[in-house]
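Asker: coordinates only, sequence not included:
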Ligand SMILES: NC(=O)NC1=NC(=O)NC1=O
């Protein structure tokens with residue numbers, strides 16, 4: 001059996017439910033999804049400061065997942081917070097939803113657009129495109145200009161703005177595919193794909209399938225080089241338990 005730990009790095013239980021549902025919708029019959037979020041931290045991640053706070057919660061869950069023997073991990077926030085630190089700590093594969101969605105988009109289109117939340121997270125998504133080498137595949141980035149938790153307020157306004165952003169992206173950008181730029185948008189991908197007639201990609205599902213594939217291929221995070229386990233040392237205060245024994 002494959003057990004995939006899906007970490008929502010923010011502390012929103014509602015968004016953790018949304019993300020868990022998107023993961024379970026695509027998980028294979030032999031895959032169990034463990035959807036988790038930090039007990040303490042930041043309710044939504046909307047910038048570098050939030051990502052720094054959220055990273056500690058990600059690392060705590062990576063450690064716990066490794067001790068539970070999970071097969072792999074997903075970091076279900078579009079900033080992929082703490083991705084490389086998590087890979088040092090993890091034994092199995094660790095996949096961020098931004099990198100997963102971007103990779104998938106390049107396999108079904110030569111140019112893709114991103115629809116994300118706040119304008120400032122558009123800039124962060126650009127940093128990710130540069131880091132992952134996908135800058136030239138991305139035709140444009142759009143922000144619905146609503147806070148992340150608007151996706152969980154039950155009004156449907158954020159979902160409607162995501163739909164409008166995808167329609168605009170299809171019409172204006174010449175893109176063949178669209179990447180949804182927030183974990184909280186995950187459950188919108190399939191209906192938008194049907195309505196727009198082009199691939200609208202959710203990174204949660206993409207990351208779950210990538211972890212399943214890596215596990216099936218016997219590929220886990222390389223421990224040769226900079227992703228080896230962290231250098232052993234005594235951590236103090238609240239960090240004391242972060243390194244596995
Ligand atoms: N671009 C984003 O909206 N990133 C995110 N912030 C969160 O709290 N979850 C996300 O996916």
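Answerer: That came in fine, so what should we check first? Since we're looking at a predicted model, the values are computed, not measured. Numbers count the residues shown, from 1 in each chain.
Asker: got a list of what the most centrally placed residue in the chain touches?
Answerer: In the chain, the residue lying closest to the centroid (C-alpha atoms, centre = their mean) is residue 97, at 2.5 Å. Residue 97 sits next to 74-78, 80, 183, 186, 202-204, 206-207 when contact means C-beta atoms under 8 Å, 6 or more residues apart in numbering. Where you see a C-beta, it was placed from the backbone N, CA and C, and this is true even at glycine.
Asker: identify the residue nearest it in space, chain neighbours excluded?
Answerer: residue 203 (2.9 Å; C-beta to C-beta, 6 or more residues apart in numbering).
Asker: just checking, the one you found touches residue 179?
Answerer: Yes. The pair residue 203 / residue 179 is scored as a contact, 7.1 Å apart, by C-beta atoms under 8 Å.
Asker: so those two - more neighbours on which side?
Answerer: residue 203 (35 against 32; other C-beta atoms under 10 Å).
Asker: before we move on, back to that, so who does the residue nearest to residue 97 touch?
Answerer: Contacts were defined as C-beta under 8 Å, 6+ apart; by that measure residue 203 touches 76, 78, 96-98, 100-101, 179-180, 183, 186.
Asker: so can I have TSV of these showing pLDDT, distance to residue 131 and secondary structure?
Answerer: Compiled in TSV, these are given as follows (pLDDT from 0 to 100; distance: C-beta to C-beta, whole Å; DSSP: H, G, I helix; E, B strand; the rest coil):
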residue	pLDDT	distance to residue 131	secondary structure
76	98	18	coil
78	98	13	coil
96	98	10	strand
97	98	14	helix
98	98	10	helix
100	98	14	helix
101	98	14	helix
179	98	15	strand
180	98	19	strand
183	97	19	helix
186	97	22	helix
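Asker: neighbour-wise, which of those leads?
Answerer: For the contacts of residue 203, the largest number of neighbours (other C-beta under 10 Å) sits with residue 76, at 34 neighbours.
Asker: give me the distance between it and the ligand.
Answerer: Separation of residue 76 from the ligand (C-beta to the nearest ligand atom, to the nearest Å) stands at 7 Å.
Asker: residue ranges for the helices of the chain, please.
Answerer: Taking DSSP state H as the criterion, the chain contains helices spanning 13-26, 48-68, 83-89, 97-108, 119-132, 157-173, 189-196, 203-216.
Asker: from the ones you listed, which stretch is densest packed?
Answerer: Among these, the stretch with the highest mean neighbour count (mean count of other C-beta atoms under 10 Å) is helix 203-216, at a mean of 24.
Asker: quick one, that helix and helix 13-26 angle?
Answerer: Angle of helix 203-216 versus helix 13-26, following axes from the mean of the first three to the mean of the last three C-alpha atoms, to 10 degrees, is 50 degrees.
Asker: chain center to helix 203-216, what's the gap?
Answerer: The chain centre lies 11 Å from the centre of helix 203-216; the measure is C-alpha atoms, centre = their mean, to the nearest Å.
Asker: cool, stretch 219-230 as well?
Answerer: On the basis of C-alpha atoms, centre = their mean, stretch 219-230 sits 20 Å off its chain's mean C-alpha point.
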